[in-house]
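K.L.:
The sequence and its predicted three-dimensional model are supplied below.
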Amino acid sequence: MEIIQLKEEFIKLGQALKAVGLVSSGLEAKIVIKEGEVSVNGEVEYQRGKKLYDGDMVEFNGETIKIVK
C-alpha cells in the first residue's frame, strides 16, 4: 500500500496516481481513469480531477493508495 501525505486540503486523482509512480504522465492517468480502471473508495471513478481527501482509498492495477492528512 502506498500512502500519500496531504500537504494541502486535497490532491486530485490524476496527481495521486503520478505521485506514487503508478502512471508516468498526466496523459496516462487520464487514459486509465477514463477507461474505468481506477476506483475511489470502492467505486469506479471517471474524473481525473476528482478531489481526494484524508481517508480516501484509491485502487488501480492491484495497488492501493491511502490518502492521509
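P.N.:
That came in fine, so what should we check first?
K.L.:
Now the residue positioned nearest the centre of the chain. Its backbone dihedrals?
P.N.:
A centroid search over the chain (C-alpha atoms, centre = their mean) returns residue 13, at 3.8 Å, as the residue closest to the centre. Note on residue 13: its backbone torsions stand at phi -50, psi -50 [degrees, to the nearest 10].
K.L.:
Excluding residues flanking it in the chain, which one is nearest it?
P.N.:
residue 50 (4.3 Å; C-beta to C-beta, 6 or more residues apart in numbering). For glycine as for every other residue, the C-beta is placed from the backbone atoms N, C-alpha and C.
K.L.:
Return the residues in contact with the residue nearest to the centre of the chain.
P.N.:
By C-beta atoms under 8 Å, 6 or more residues apart in numbering, residue 13 lies in contact with 29, 33, 38, 40, 45, 47-52, 58.
K.L.:
before we move on, the earlier item: check contacts around the residue nearest to residue 13.
P.N.:
Neighbours of residue 50 in contact, by C-beta under 8 Å, 6+ apart: 12-13, 40.
K.L.:
what are the ranges of the helices in this protein?
P.N.:
With helices called from DSSP state H, the chain shows them at 13-19, 26-34.
K.L.:
Before we move on, what's the pLDDT of the residue nearest to the centre of the chain?
P.N.:
pLDDT, residue 13: 98.
K.L.:
and if you look at residue 9?
P.N.:
Note on residue 9: pLDDT of 97.
K.L.:
how far out from the middle of the chain is stretch 25-34?
P.N.:
The chain centre lies 11 Å from the centre of stretch 25-34; the measure is C-alpha atoms, centre = their mean, to the nearest Å.
K.L.:
Check this structure for its longest strand and report it.
P.N.:
Criterion DSSP state E: the longest strand present in the chain is strand 63-68.
K.L.:
how much space between residue 23 and residue 35?
P.N.:
Distance of residue 23 to residue 35, computed by C-beta to C-beta, to the nearest Å: 12 Å.
K.L.:
now residue 62
P.N.:
Going from residue 62 to residue 35 by C-beta to C-beta gives 16 Å.
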